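Enquirer: below is the sequence, then the predicted model.
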Amino acid sequence: MDAVSLILPLAEITVAGAIINASVHFIPVGGAPAAMATSTGVGTGTTQLAAGAGFTGLMAAAVMAAQKGINLMNPAHLAIILLSGAVGSMIMLGLTMLIGQLIYVFGVGVVPAADKCDKDPFTGDYQKSYITPGTTGHAIPTVCFISGLIGAALGGIGGGLAYIAFKQLGFDSGIAGIVAIGFFFMNAVLASYNIGGTIEGFHDPKFKKIPNGIIASFVASLVAGAIITGMSLGI
Amino acid sequence: MDPTLLALGALAFAGASATVAGCAEDLESDVGSQSNPNSQVQLGPQMGNIHRYFNKAISGEPVAYGLYVAVAGLIAWALMNTGLNVLLAIVIGAGVAAIVHGAYAVSAYLGRIVGQSKNFGQPVYMDVIMTHIGPIVGHGFIAVFCMLLAAYLAGTALGNPFPLPLIALIFGITVGSIGSSTGDVHYGAEREYQKYPFGGGIPVANQGDIDIKAETGIRNGMDSSYFCSRLGGPLTGLCFGLIVFLDGWRGIIGSILGGDLITKSAIAIVVGIIIVAIAAYINRVIEVYARNKYGPYTNR
């Protein structure tokens, strides 16, 4: 292996980690409180939802990368693999948020309302007066839905990019897949620590902490990438 | 036979399996009270609500189901490689995963409830273990079996390059994350708090004040499963089934309409974006409906 064949995947791994970390900050996650309609967002943990969406994207990217005629060093092919991962991830999170919304509205009887903005920046709808007293919003208003889709797209791109980098290092699809899962979890957990519980999306004040998360993941991914590159050389 | 037609058939079958798996997974988590709403079952005795819910927050649902389905996938994969019939291997794999699930469920219940017995007076009900463990393991078996079937189809007929245990792990994590995000809300925000009027989130001050009475007698986990099987469970199944089906369907549409590799992929990506746009539109329609139907709070 020449230097470029090692440095390029290492750079991709590092960038992928930073993208995965950024993606988690966009996903509207209300954690346990959202499962009781006590806070806005999807009612599960940050890492868990990001991982669910990211792995669907990873699988979509892997299916695309396994097509006959795909060359992992061809930029056009690389782009369609990453876009395929992004779209797979968006479909997963989009449908999950939609079905969650159905349950919030018809099963629980709440109005989707964000607590961290007075007006939805996309629809212009006022939010505060629709929030149940004693709660910090509920369900998935449009701003959270759009933010979630952006996060899912980034997660799919990040997961797909990491997978491609591992394949470029010469790993078998199965090994590249399982390493990509571990790598995704590592960066999603770092983002989760940075968020510290729940986040509504890009309009949430916590979103401003995103540079810290990206830097942390950049460094962690660089170290992890160096170790994985060493593994590919049999060190 | 036309390979596209075969792929479409396999995809439909995988989607149907995923639908059943999603529904069974959510109902299992309602019987056993897993995932985020379990925090309220845990909090109940501290608020003076001695209950007969099962309590088994082994871990988050995605990780738990990732484990069960990966165990099943690994066993099935090993058996298939010895030449055993595929269906039988999947059944045996799901059976082993059910035993693992049962062991975790019992130890989690005993550990969690005993931890609350001394300080908050929550008894360990042996009959709750005996009556709930069957439905928990049974629903878990159905969920794991169907997911493994979908994973097998994804690996053999739908071009997934990963080995069966890895696809199983990813499907397990995905279904756990979907069940936790969708169906569990029906259990946590509605079923556990039915004594409060319908149509509001649960204020922080009321958390832990869970409903301990059922339609008849004292409530248990199976009552919750019965209630959630009318909305939360089926919608969870629909969600996972749609994800598996639509994500594969866009690829098949691309291969039917497209010529070369780039065109096929571009069509698949555009179809995917259209699906997402439709989901966003429906989400907005539901939001507007809820705002008009329920209206704002006027008594602040």
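Expert: Right, received. Where do you want to start? Numbering: from 1, shown residues only, chains lettered A, B, ... in the order given.

Enquirer: okay, now the unreliable bits of chain A?
Expert: Across chain A, the ranges flagged by pLDDT under 70 are A:1.

Enquirer: now do the residue nearest the centre of chain A against chain B, distance only.
Expert: When chain A is reduced to its mean C-alpha position, the closest residue under C-alpha atoms, centre = their mean turns out to be A:G155, at 3.2 Å. Shown here: A:G155 relative to chain B, a distance of 12 Å by C-beta to the nearest C-beta, to the nearest Å. From N, CA and C alone the C-beta is placed, and that goes for glycine too.

Enquirer: list the contacts for that residue?
Expert: A:G155 is in contact with A:I19, A:I20, A:S23, A:V24, A:I27, A:A50, A:A53, A:G54, A:G57, A:S89, A:F184, counting by C-beta atoms under 8 Å, 6 or more residues apart in numbering or on different chains.

Enquirer: quick one: contacts of stretch B:16-24?
Expert: When contacts are defined by C-beta under 8 Å, 6+ apart, stretch B:16-24 is touched by residues B:139-140, B:142-147, B:149-150, B:153, B:171, B:175, B:178-179, B:183, B:229, B:233-234, B:236-241, B:243-245.

Enquirer: so which of these also contact chain A?
Expert: B:I178, B:G183, B:T236, B:L238, B:C239, B:I243 (C-beta under 8 Å from any C-beta of the partner chain).

Enquirer: just the ones of the residues you listed in helices?
Expert: The members of those that map onto helices under DSSP state H are B:I178, B:G183, B:T236, B:L238, B:C239, B:I243.

Enquirer: would CSV of these with pLDDT and neighbour count be doable?
Expert: CSV is the format used below for these (pLDDT from 0 to 100; neighbours: other C-beta atoms under 10 Å in any protein chain shown):
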residue, pLDDT, neighbour count
B:I178, 94, 35
B:G183, 92, 34
B:T236, 96, 34
B:L238, 97, 18
B:C239, 96, 30
B:I243, 95, 27
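
Enquirer: how about those residues, which pair is most distant?
Expert: Across those, the longest distance by C-beta to C-beta is 14.1 Å; it joins B:G183 and B:I243.

Enquirer: what about A:G69, neighbour count?
Expert: By the measure other C-beta atoms under 10 Å in any protein chain shown, the count of residues near A:G69 is 9.

Enquirer: residues touching it, list them.
Expert: A:G69 touches B:L261, counting by C-beta under 8 Å, 6+ apart.

Enquirer: torsion angles phi and psi at it?
Expert: A:G69 adopts backbone torsions of phi 90, psi 0, taken as degrees, to the nearest 10.

Enquirer: give me the pLDDT for the closest residue to A:L102 other than its chain neighbours.
Expert: Nearest-residue entry for A:L102: B:L235, 6.1 Å, with adjacent residues in sequence omitted and distances by C-beta to C-beta, 6 or more residues apart in numbering or on different chains. In the predicted model, B:L235 carries a pLDDT score of 97.

Enquirer: isn't B:I252 right up against B:D2?
Expert: No. Shown here, B:I252 and B:D2 do not form a contact pair, counting by C-beta atoms under 8 Å, at 11.5 Å.

Enquirer: that older thread, which of the contacts of A:G155 come close to chain B?
Expert: A:A53.

Enquirer: can you list the contacts of A:G155 in JSON lines and add neighbour count and secondary structure?
Expert: As requested, the contacts of A:G155 are arranged in JSON lines below (neighbours: other C-beta atoms under 10 Å in any protein chain shown; DSSP: H, G, I helix; E, B strand; the rest coil):
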{"residue": "A:I19", "neighbour count": "24", "secondary structure": "helix"}
{"residue": "A:I20", "neighbour count": "32", "secondary structure": "helix"}
{"residue": "A:S23", "neighbour count": "29", "secondary structure": "helix"}
{"residue": "A:V24", "neighbour count": "32", "secondary structure": "helix"}
{"residue": "A:I27", "neighbour count": "30", "secondary structure": "coil"}
{"residue": "A:A50", "neighbour count": "35", "secondary structure": "helix"}
{"residue": "A:A53", "neighbour count": "35", "secondary structure": "helix"}
{"residue": "A:G54", "neighbour count": "40", "secondary structure": "helix"}
{"residue": "A:G57", "neighbour count": "34", "secondary structure": "helix"}
{"residue": "A:S89", "neighbour count": "36", "secondary structure": "helix"}
{"residue": "A:F184", "neighbour count": "27", "secondary structure": "helix"}
